[in-house]
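# got a sequence here, can you build the structure:
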Amino acid sequence: AREDEIEVPVQVNGKLRDKVVVAADADEAAIKAAAIAAPGVQRFVGDKPLRQVIYVKGRLVNIVI
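Residues are numbered from 1 along each chain as shown. The predicted structure follows:
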């Protein structure tokens, strides 16, 4: 039985900052948007420009600032 939702860890500059729960069939853009909007991430990112957002399917999102 497959899960309906998955929990994806979110890293900022390689350090774990938050986890987001998304639908298992969500596309990459939706997962990246949820990761950027997570409160634990916003605390570290603030208004700094994002250099890169890396998504490893089903595993993690890494945000480079």
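# quick one, helices of this protein?
Ranges of helices in the chain, per DSSP state H, are 28-37, 39-45.
# in CSV: the ones you listed, plus mean neighbour count and mean pLDDT.
(Each C-beta comes from the backbone N, C-alpha and C, glycine too.) Formatted as CSV, these follow (neighbours: other C-beta atoms under 10 Å; pLDDT from 0 to 100):
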stretch, mean neighbour count, mean pLDDT
helix 28-37, 16, 97
helix 39-45, 14, 95
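# and residue 62, which of the ones you listed is closest to it?
helix 28-37 (9.1 Å; C-beta to C-beta).
# mind checking the helices of the chain for the one nearest to residue 3?
For residue 3, the closest of these is helix 28-37, at 14.7 Å, according to C-beta to C-beta.
# ok, residues contacting that closest one?
8, 10, 18, 20, 22-23, 26, 41-42, 45, 50, 53, 55, 57, 61, 63 (C-beta atoms under 8 Å, 6 or more residues apart in numbering).
# centroid-nearest residue for this protein?
Note on the chain: the residue nearest the mean C-alpha position is residue 35, at 3.0 Å, using C-alpha atoms, centre = their mean.
# Serialize the helices of the chain to a markdown table and add fields for distance to residue 3.
Below are the helices of the chain laid out as a markdown table (distance: least, C-beta to C-beta, whole Å):
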| stretch | distance to residue 3 |
| --- | --- |
| helix 28-37 | 15 |
| helix 39-45 | 22 |
